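Visitor: here is a sequence together with a model predicted from it:
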Amino acid sequence: MNIRPSVIVAAALAAIVGMTTVAARQQPAPAPAPTPAAPPVPPLVREGVTEKVSAHVHVIPDNSVPMVPNVGIVVGSRATLVIDTGLGARNGAAVMREVAKVSRNAELYLVTTHVHPEHDLGAGAFPATTKMIRSKDQVDEIAATGLEMAKRFAGISPLHAELLQGAEFRKADIAFEQEHTLDLGGVTVRFLAMGFNHTRGDTATFVEPDKVLFSGDVAMKLLPAVGAGASLSQWITSQDRLTALAPARVVPSHGPMGDVSIMADTKRFVSTVQQRAAELKKAGRTIDETVTTLQAELAAAFGASPRMAGTIRAAYTQAPAVTATAASTKHVLFMCPHGAGKSVLASAYFERLAREKGLNVRVVARGTDPDPQVGPKVAEHLTKNGYRLPVEKPQRVTPDDLASADVVISLGCDVGGLPVRPGTLRQWDEVPGPGEDLAGADAAIQRRVAALVDELLRQAR
């Protein structure tokens with residue numbers, strides 16, 4: 001049978017196309033391109049969103065945009081007060097345009113909740129006749145730190161640098177010690193120096209007739225950002241002081257507005273962290289262990305905010321030190337048959353961990369039938385991991401060793417003929433020998449040593 005070449009070529013092409021189609025169907029679908037991360041929202045005060053929250057108080061909300069504050073505008077019959085400025089002159093000018101929409105007063109006052117750039121460094125856009133109100137704590141803080149934080153903020157992005165170009169702190173026209181009162185014309189406003197909480201110059205503003213409180217960073221629905229060196233007891237005192245004002249509305253520096261529950265929640269969080277950090281420190285936990293434990297423990301009640309770690313670290317640092325006295329010294333005796341392996345490992349691990357956690361201990365390693373030298377594998381293992389050898393040469397346990405020990409740990413010894421004091425003996429006989437299973441012996445001993453240290457810490461409370 002004769003087949004035309006064109007038919008053969010067409011059949012071959014069809015086969016190739018069919019194979020390609022099948023292969024394409026067998027290939028996995030390409031992974032979708034990753035969604036690009038949304039660019040950060042610029043730190044700009046929004047115009048046209050100002051809210052009237054009471055008879056005399058307006059708020060430009062931050063809409064939870066980072067580095068944008070909630071700006072307050074308080075209007076009396078004679079004068080107007082602005083609380084916070086935004087980041088740099090561009091934001092300060094936006095604030096002034098919003099002020100013009102709600103007030104025609106020529107007399108203008110300005111106060112800031114604290115001296116961080118997004119709260120204070122927009123003041124350059126305010127009229128020259130504006131009267132700047134500062135606590136003396138703020139004045140001192142500016143003198144001490146200058147524009148250090150502004151320089152750090154300017155390094156965040158080109159926009160931040162542009163906004164802060166040429167920014168300077170405005171000098172105080174009115175400086176007060178603890179409290180200052182201002183009459184705006186039928187509206188009395190109180191300014192309170194709050195002490196060192198978030199910053200040294202934290203300042204709260206309370207509009208008396210409207211019962212509106214501008215609490216700054218001292219009380220927010222966000223978890224607190226504790227200033228380096230600030231006392232958590234001061235934070236708790238500040239919550240009580242703000243609560244005593246009985247505000248109907250609380251306007252924090254950042255985030256949603258609320259009521260007195262903001263202070264109650266802040267106090268509950270700080271008090272809880274303060275108490276639990278002290279308990280864990282007393283129990284011998286390190287600062288890093290305490291942070292990890294409390295972040296997990298408190299996340300359900302207070303959220304998993306990165307700010308939590310700073311508060312925990314402050315609480316741990318400020319908690320009373322765990323002191324050990326000679327009277328509380330624990331004498332712990334570890335003994336194994338040859339005094340060359342298990343007792344050497346256990347005493348080395350116990351001594352370091354106990355001292356790290358604040359226990360005052362005297363540790364002895366002995367053997368009931370001692371070898372002439374410490375096991376070479378054990379000596380090498382301890383030295384390689386940074387431990388000192390607790391004994392140079394294995395020694396026989398003596399009646400005096402047993403008599404003076406508060407705790408006697410036997411790792412496989414026959415204790416039948418030994419004068420062990422009642423109530424002191426613990427037997428870790430199931431620990432394998434390091435000569436046969438060094439890794440297993442090491443893990444078993446470290447686990448038991450950690451439990452023993454925790455037990456002795458609880459007894460020392």
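Guide: Okay, I see it.
Visitor: switch to C-alpha atoms for all contacts and neighbour counts from now on
Guide: OK.
Visitor: quick check: bridge partners of residue 365?
Guide: Note on residue 365: beta-bridge partners residue 334, judged by DSSP bridges.
Visitor: enumerate every residue touching it.
Guide: When contacts are counted by C-alpha atoms under 8 Å, 6 or more residues apart in numbering, residue 365 touches 333, 334, 335, 339, 343, 344, 347, 390, 391, 394, 395.
Visitor: again, 7 Å this time
Guide: By C-alpha atoms under 7 Å, 6 or more residues apart in numbering, the contact list for residue 365 reads 333, 334, 335, 339, 343, 344, 347.
Visitor: now swap in residue 58 and tell me
Guide: Going by C-alpha under 7 Å, 6+ apart, residue 58 touches 50, 51, 52, 72, 73, 74.
Visitor: give me the subset of those lying in strands.
Guide: Residues of the contacts of residue 58 located in strands (DSSP state E): 51, 52, 72, 73, 74.
Visitor: count the residues that sit near the third one.
Guide: So the one you mean is residue 72. Using other C-alpha atoms under 10 Å, residue 72 has 29 neighbouring residues.
Visitor: my guess is it contacts residue 83, does it?
Guide: Yes: in this structure, residue 72 is within contact of residue 83 by C-alpha atoms under 7 Å, at 4.7 Å.
Visitor: so how far is residue 271 from the most centrally placed residue in the chain?
Guide: Centroid-nearest residue in the chain: residue 309, 1.5 Å away (criterion: C-alpha atoms, centre = their mean). According to C-alpha to C-alpha, to the nearest Å, residue 309 stands 15 Å off from residue 271.
Visitor: same question, residue 135
Guide: 27 Å.
Visitor: the more surrounded of these two?
Guide: Shown here are residue 135 and residue 271; by other C-alpha under 10 Å, residue 135 has more neighbours (28 against 17).
Visitor: neighbours of the nearest residue to that one once chain neighbours are set aside, just the number please.
Guide: Distances taken as C-alpha to C-alpha, 6 or more residues apart in numbering put residue 176 closest to residue 135, at 4.8 Å, once the chain neighbours are dropped. For residue 176, the number of neighbouring residues by other C-alpha under 10 Å comes to 18.
Visitor: from residue 408, how far out is residue 414?
Guide: Counting by C-alpha to C-alpha - residue 414 and residue 408 are separated by 13 Å.
Visitor: neighbour-wise, which of the two wins?
Guide: residue 408 (23 against 12).
Visitor: which residues are contacting the helix or strand containing the more buried one?
Guide: Assigning secondary structure by DSSP states H and E places residue 408 in strand 407-410. The set of residues external to strand 407-410 that reach it, using C-alpha under 7 Å, 6+ apart, is 331, 332, 333, 334, 335, 336, 424, 425, 426, 427, 428, 429.
Visitor: can you do 8 Å?
Guide: Under C-alpha under 8 Å, 6+ apart, the answer for strand 407-410 is 330-336, 402, 420, 424-429.
Visitor: can you pull the pLDDT of residue 225?
Guide: pLDDT for residue 225: 92.
Visitor: is it in contact with residue 312, as I believe?
Guide: No: counting by C-alpha atoms under 8 Å, residue 225 does not reach residue 312; the two are 10.9 Å apart.
Visitor: those two: who's more crowded?
Guide: Each of residue 225 and residue 312 has its neighbours counted (other C-alpha under 10 Å); residue 312 has more, 27 against 19.
Visitor: my guess is that one contacts residue 271, does it?
Guide: No: Residue 312 sits out of contact with residue 271 when judged by C-alpha under 8 Å, with a separation of 10.8 Å.
Visitor: number of nearby residues for the nearest residue to residue 163 once chain neighbours are set aside?
Guide: Computed as C-alpha to C-alpha, 6+ apart, the closest residue to residue 163 that is not its neighbour in sequence is residue 88, at 4.9 Å. Residues lying near residue 88 (other C-alpha under 10 Å) number 28.
Visitor: surely residue 88 and residue 116 touch.
Guide: No: the pair residue 88 and residue 116 does not pass the contact test of C-alpha under 8 Å, sitting 11.1 Å apart.
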